[in-house]
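Engineer: Predicted coordinates and the sequence they were generated for:
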Amino acid sequence: ASQRSRTMSKRAFITLLHACAAFAPTPRVGRAPALRVGRGPRPLSAATTDATKDVAALLRTKRAVVDGLAKADPNASEMTRLRFASAFATQSQAAAALRETAAWRAGAGKPIVEAASKAV
């Protein structure tokens with residue numbers, strides 16, 4: 001029973017690791033990792049990126065989907081629509097998720113959304 005218990009514990013631990021891995025950041029191709037170990041602090045200029053260029057490039061790449069998502073939620077900002085366009089493989093998946101989010105924000109999540117907007 002002791003060996004079986006250890007085996008089950010190992011399997012549970014591995015399952016937990018797999019679940020946590022879904023939230024781990026993935027490395028970006030062609031860029032240095034965000035965390036540098038053992039080399040001291042990185043200069044500020046090297047740690048910043050030009051987000052304007054990145055966002056503009058993403059908008060150019062995803063323009064058709066971003067514009068199409070305006071039908072799913074006309075009140076969603078362009079940045080919100082870009083976030084959904086980038087997070088889902090297809091426009092229909094992104095539209096469904098955006099509609100679900102808009103419904104939650106207007107329904108069950110409304111008190112949370114209102115409290116958050118007051119806190120800012």
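Structural biologist: Thanks, I have it. If you're wondering where the values come from, they're calculated on a predicted model, not measured in any experiment.
Engineer: got the contact list for Q3?
Structural biologist: Q3 makes contact with no residue under the criterion CB atoms under 8 Å, 6 or more residues apart in numbering. All C-beta atoms are positioned from the backbone trio N, CA, C, and that covers glycine.
Engineer: So it: helix, strand or coil?
Structural biologist: helix (DSSP: H, G, I helix; E, B strand; the rest coil).
Engineer: And it, how far from T61?
Structural biologist: The spacing between Q3 and T61, counted by CB to CB, to the nearest Å, is 53 Å.
Engineer: And L82, by the same measure?
Structural biologist: According to CB to CB, L82 and T61 sit 10 Å apart.
Engineer: The two: who's more crowded?
Structural biologist: Between L82 and T61, counting by other CB atoms under 10 Å, L82 is the more crowded of the two (20 against 13).
Engineer: Excluding sequence neighbours, find me the nearest residue to the more buried one.
Structural biologist: V66 (5.3 Å; CB to CB, 6 or more residues apart in numbering).
Engineer: Could you pull out the buried residues of the host helix or strand of Q93?
Structural biologist: Using DSSP states H and E, Q93 sits in helix 91-106. For helix 91-106, the neighbour count (16 or more other CB atoms under 10 Å) marks Q91, A94, A95, L98, R99, T101, A102, R105 as buried.
Engineer: Now do the contacts for the fourth one.
Structural biologist: For L98, the contacting residues are L69, A72, D73, A76, T80, R81, F84, taking CB under 8 Å, 6+ apart as the criterion.
Engineer: Just after the helix holding Q93, pick out the following helix or strand.
Structural biologist: Following helix 91-106 toward the C-terminus (DSSP H and E): helix 110-119.
Engineer: where does this protein have low pLDDT?
Structural biologist: 1, 8, 12-13, 16-52 (pLDDT under 70).
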